[in-house]
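>>> Everything below, folded, please.
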Amino acid sequence: MPATADAVRAFHERLGLPGLVDVHTHFMPERVLDKVWDYFDAVGPLTGVEWPITYRHEEEQRVALLREFGVRAFTSMLYPHKPAMAAWLNAWAADFAARTPDCLHTATFFPEENVAAYTAQAVAGGARVFKAHLQVGGYDPNDSRLEPVWGLLAEAGIPAVVHCGSGPVPGKHTGPEPIARLLARHPRLPLIVAHMGMPEYTDFLDLADRYPEVRLDTTMVFTDFSERLSAFPPGELGRLADLGDRILLGTDFPNIPYPYEHQLEALERLGLGDDWLRAVCHDNGARLFGLTP
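Numbering: from 1, shown residues only. Reported below is the predicted structural model:
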């Protein structure tokens with residue numbers, strides 16, 4: 001195994017942290033995850049870059065690895081690509097969270113007739129974070145059927161991790177413009193921009209400046225892999241420091257083409273200091289989700 005628990009633990013122990021809070025990890029039904037892995041196996045022809053999955057393991061082993069790494073809270077990011085899929089994904093995720101107490105109960109949605117009902121049911125059932133994937137789902141976040149969903153999440157203060165940037169390949173509704181229109185209507189929505197909005201980093205940082213409930217996760221950003229594809233603009237590093245209380249650790253485990261600790265190394269080499277690393281890798285997520293010390 002290229003990544004070691006020792007390397008990850010050494011990182012957070014040096015910072016004096018009780019562990020890591022990773023807001024962007026993937027657990028989903030086996031047959032769905034197999035299709036996701038098939039996509040990444042074929043992503044080379046789409047992007048020109050091979051994407052070998054480092055942690056292609058059974059579910060139990062993947063959970064055990066995160067625990068060995070010292071990840072004290074993680075998510076089961078899952079998402080539908082068509083109608084009549086989200087509700088049963090939510091049922092699976094609720095069961096997974098019930099048997100995996102260190103997983104933050106995750107849910108999802110899709111623009112369809114019954115979306116308001118099953119989203120409200122998920123919230124009533126204890127969902128603590130939602131996932132929306134505009135690229136895979138191919139939908140506009142401003143679809144009128146989603147209005148009650150966004151309103152509910154804003155009112156309840158439940159964050160939604162949204163893949164809204166145009167990486168690794170653009171979608172019909174990716175980019176900052178649809179999200180800007182959404183936030184104009186729901187300015188208190190606690191929206192977490194996945195992958196920092198790669199590659200439209202600057203535009204999504206602008207939205208975070210404008211809306212105090214917008215956060216960004218670090219998923220795959222600053223790594224050698226992503227820097228070759230969509231380098232983060234060096235001139236924006238100062239803004240990362242300014243927004244240090246609203247940046248959250250995300251990794252995309254298990255679907256990453258490098259060891260887990262490389263994401264941590266990539267954050268450390270930014271040179272933004274240990275206090276920034278503590279906030280990003282643990283404290284911001286612990287505060288957002290009300291985790292006890």
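>>> Helix, strand, or coil at Tyr139?
coil (DSSP: H, G, I helix; E, B strand; the rest coil).
>>> By mean pLDDT, flag the weakest helix or strand of this protein.
helix 43-47 (a mean of 71; mean pLDDT, DSSP states H and E).
>>> what about the strands in the stretch 151-293 of the chain?
160-163, 191-193, 215-217, 247-248 (DSSP state E, counting those that start in this stretch).
>>> tell me the most buried of the ones you listed?
strand 191-193 (a mean of 28; mean count of other C-beta atoms under 10 Å). (Each C-beta comes from the backbone N, C-alpha and C, glycine too.)
>>> show me where pLDDT drops low in the stretch 151-293 of the chain?
Regions of the stretch 151-293 of the chain meeting the criterion pLDDT under 70 are absent.
>>> so where do the helices sit in it?
176-185, 201-210, 224-229, 237-242, 260-268, 274-278, 284-288 (DSSP state H, counting those that start in this stretch).
>>> Just tell me which of the strands of the stretch 151-293 of the chain ends up closest to Gly70.
strand 247-248 (16.7 Å; C-beta to C-beta).
>>> Show residues contacting the closest one.
21, 23, 192, 215-218, 240, 279-280, 284-285, 288 (C-beta atoms under 8 Å, 6 or more residues apart in numbering).
>>> What is the nearest of the residues you listed to Val71?
Val21 (7.5 Å).
>>> Chain neighbours aside, what residue packs nearest to that closest one?
Gly285 (3.1 Å; C-beta to C-beta, 6 or more residues apart in numbering).
>>> Ok, Leu183 next?
Tyr211 is the one closest to Leu183 (C-beta to C-beta, 6+ apart), at 5.2 Å.
>>> And Arg246, how close does it get to Pro170?
25 Å (C-beta to C-beta, to the nearest Å).
>>> Who has more neighbours out of those two?
Arg246 (19 against 13; other C-beta atoms under 10 Å).
>>> ok, that one - contacts?
Here Arg246 is in contact with Ala208, Pro212, Val214, Arg215, Leu216, Asn284 (C-beta under 8 Å, 6+ apart).
>>> repeat that with 6 Å
Arg215 (C-beta atoms under 6 Å, 6 or more residues apart in numbering).
>>> got it, and His173?
Leu134, Asp140 are the contacts of His173 under C-beta under 6 Å, 6+ apart.
>>> same thing but 7 Å
Leu134, Tyr139, Asp140, Pro141 (C-beta atoms under 7 Å, 6 or more residues apart in numbering).
>>> Would you mind listing which of these are buried?
Leu134, Tyr139, Pro141 (16 or more other C-beta atoms under 10 Å).
>>> Please name the nearest non-neighbouring residue to the last one.
Closest residue in space to Pro141, ignoring its immediate chain neighbours: Leu182 at 4.9 Å, by C-beta to C-beta, 6+ apart.
>>> Gly157 versus the one you found, what's the distance?
In terms of C-beta to C-beta, Leu182 sits 17 Å off from Gly157.
>>> Tell me which of the two has more neighbours.
Leu182 (21 against 11).
>>> you'd agree that one is up against Asn142?
Yes: the pair Leu182 / Asn142 is scored as a contact, 5.7 Å apart, by C-beta atoms under 7 Å.
>>> Now do the shared contacts for the two.
With C-beta under 7 Å, 6+ apart, Leu182 and Asn142 have no common neighbours.
>>> ok, now which ones touch Val71?
Gly19, Leu20, Asp22.
>>> Sort out which one of the residues you listed lies nearest Thr4 for me.
Leu20 (14.7 Å).
>>> Around that closest one, count how many other residues there are.
Leu20: 26 neighbours (other C-beta under 10 Å).
>>> which ones are touching it?
For Leu20, the contact set (C-beta under 7 Å, 6+ apart) comprises His12, Gly70, Val71, Arg72, Leu249, Cys281, His282.
>>> which one of those sits closest to Leu89?
Nearest member of the contacts of Leu20 to Leu89, counting by C-beta to C-beta, is Val71, at 22.2 Å.
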